[in-house]
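[1] Sequence and predicted model, in that order:
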Amino acid sequence: MEQGSSGLRRLFREVAKFGAVGGAGVLVNLGVFNLVRQATDLQVVRASVIATVVAIVFNYLGFRYFTYRDRDKSRRTREMSLFLLFSVIGLVIENGVLYTATYGFGWDSSLQSNIFKFLGIGLGTLFRFWSYRSWVFRALPVREKPVTGGGATVAGERPRQRVP
């Protein structure tokens with residue numbers, strides 16, 4: 001059971017770090033979105049795509065150097081390619097929600113755009129969390145801990161106690 005609770009603690013820490021970077025990324029995304037909407041005449045979804053791209057760059061740096069800094073770094077080109085692939089899928093999910101609300105239902109006030117942008121970010125984030133941890137920032141293989149008192153163990157198993 002100790003390994004289970006240890007794994008749960010690791011997952012909780014990972015979710016907390018992912019959430020911290022992601023939360024800051026949401027602020028970047030919404031901030032850039034509203035700035036672009038106020039400063040330009042771009043259509044809502046185009047402004048959103050720009051904001052999402054800025055947030056993707058911000059998030060990559062945060063995930064690589066904070067959330068997943070202990071993960072395998074040996075194949076950086078593969079990592080970045082997968083990150084971009086899954087980020088683009090997340091971008092489509094996120095902006096698909098906004099597109100549907102704006103052009104499908106006519107919900108295009110500033111408040112409605114921000115609500116659906118936020119909802120899209122949430123759905124995209126669920127997908128990104130799963131894909132980044134599963135495919136992009138892969139865990140390093142578990143190393144066997146040295147066993148004292150002789151006898152080898154399988155990774156993760158406790159050595160059997162010797163009976164005198």
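    That came through fine. Residues are numbered from 1 along each chain as shown.
[2] In the lengthiest helix in the chain, which residues are buried?
    Assignment by DSSP state H gives helix 2-39 as the longest helix of the chain. For helix 2-39, a neighbour-count test (16 or more other CB atoms under 10 Å) marks 14, 17-18, 21-22, 25-26, 28-30, 32-34, 36-37 as buried. The way it works is simple: take the backbone N, C-alpha and C, and place the C-beta from them, glycine included.
[3] for the strand or helix carrying R46, packing partners?
    Per DSSP states H and E: R46 is located in helix 44-62. Here helix 44-62 is seen to pack against helix 2-39, helix 76-99, helix 110-131 when contacts are counted using 3 or more CB pairs under 8 Å, 6 or more residues apart in numbering; DSSP states H and E.
[4] want to throw those helices into CSV with mean pLDDT and distance to V49?
    Shown next, in CSV, are these (pLDDT from 0 to 100; distance: least, CB to CB, whole Å):
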stretch, mean pLDDT, distance to V49
helix 2-39, 89, 10
helix 76-99, 93, 6
helix 110-131, 94, 11
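[5] Figure out which of the ones you listed is closest to Y65.
    Nearest to Y65 among those is helix 2-39 (9.5 Å), distances taken as CB to CB.
[6] Tell me which other helices or strands that closest one touches.
    helix 44-62, helix 110-131.
[7] hang on, the earlier thing: list the contacts of the helix holding R46.
    Residues outside helix 44-62 that contact it (CB atoms under 8 Å, 6 or more residues apart in numbering) are 20-22, 24-26, 28-33, 36-37, 40, 42, 80, 83-84, 87, 91, 94-95, 98-99, 102-103, 108, 113, 117, 120.
[8] What's the mean pLDDT across that helix?
    For helix 44-62, the mean pLDDT works out to 96.
[9] follow-up on the earlier one: centre of the chain to the longest helix of the chain, how far?
    Computed by CA atoms, centre = their mean, to the nearest Å, the chain-centroid distance of helix 2-39 equals 7 Å.
[10] contacting residues around the closest residue to S110 other than its chain neighbours?
    Excluding the flanking residues, the one nearest S110 by CB to CB, 6 or more residues apart in numbering is R37, at 7.4 Å. Neighbouring residues of R37 by CB under 8 Å, 6+ apart: V44, A47, S110, S113.
[11] how near is R37 to R9?
    For R37, the distance to R9 (CB to CB, to the nearest Å) stands at 41 Å.
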